[in-house]
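Colleague: only geometry, no sequence info:
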């Protein structure tokens, strides 16, 4: 990935803006390839090949891209990682991030079926808390998610909340007026 930056003091309408504009280029067409991968695993899920889809998803959903400065760029530095969610936000894929996240979770639910294990709950929560699944909710999956798995997820979140309480101190109770 390459980023290009340019400083603009005025916008095209002549209004003062005093800001940097940044855009990302994909000279090696990595996102075109990933778009094909996402479309392919979406099709695999529809064909019932969820185990193969999961193998692909584990490798394709979590990459971060090294971003380097393009030749025509000015002095602004962009050192933040560029992720799948960032790429989807810039419309580099034909699918939106919600569809990609939904496919990730659907493949996970279909692969593990009724195996309500705490590890499965942890994987689901990891995806839901990631930018890929941030707009999703367990209720989006209806019959694919069992009550036992929801209980494991609730337990895992309870542990996380307790951990946060010990690190940051308990929040005071809110008074109702």
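Modeller: Everything's here; your move. As the structure is a prediction and not an experimental result, all values here were calculated from the model.
Colleague: how about residue 164, phi and psi?
Modeller: phi -70, psi -40 (degrees, to the nearest 10).
Colleague: ok, it to residue 158 distance?
Modeller: Using Cβ to Cβ, to the nearest Å, residue 164 is found at 11 Å from residue 158. C-beta: built from backbone N, CA, C; applies to glycine.
Colleague: what's the answer for residue 93, then?
Modeller: To residue 158, residue 93 is 35 Å away according to Cβ to Cβ.
Colleague: try residue 151
Modeller: Counting by Cβ to Cβ, the gap from residue 151 to residue 158 is 10 Å.
Colleague: kindly report the same for residue 102.
Modeller: 26 Å.
Colleague: and these two? Which one has more around it.
Modeller: residue 102 (21 against 10; other Cβ atoms under 10 Å).
Colleague: which residue is the nearest non-sequential neighbour of the more buried one?
Modeller: residue 136 (6.1 Å; Cβ to Cβ, 6 or more residues apart in numbering).
Colleague: which secondary structure element contains that neighbour?
Modeller: Of the helices and strands defined by DSSP states H and E, none includes residue 136.
Colleague: contacting residues for it?
Modeller: Residue 136 makes contact with 98, 101, 102, 105, 128 under the criterion Cβ atoms under 8 Å, 6 or more residues apart in numbering.
Colleague: give me the phi and psi for the third one.
Modeller: Taking degrees, to the nearest 10, you get phi -60, psi -40 for the backbone angles of residue 102.
Colleague: need the pLDDT of it.
Modeller: The pLDDT attached to residue 102 in the predicted structure is 86.
Colleague: what sits closest to the spatially most central residue of the chain if chain neighbours are left out?
Modeller: Centroid check for the chain by Cα atoms, centre = their mean gives residue 132 as the closest residue, at 1.8 Å. Nearest residue to residue 132 in three dimensions, chain neighbours excluded: residue 101, at 4.4 Å (Cβ to Cβ, 6+ apart).
Colleague: give me the number of neighbouring residues for that neighbour.
Modeller: When neighbours are counted by other Cβ under 10 Å, residue 101 comes out with 25.
Colleague: doesn't it belong to a helix?
Modeller: Yes: counting by DSSP: H, G, I helix; E, B strand; the rest coil, residue 101 is located in a helix.
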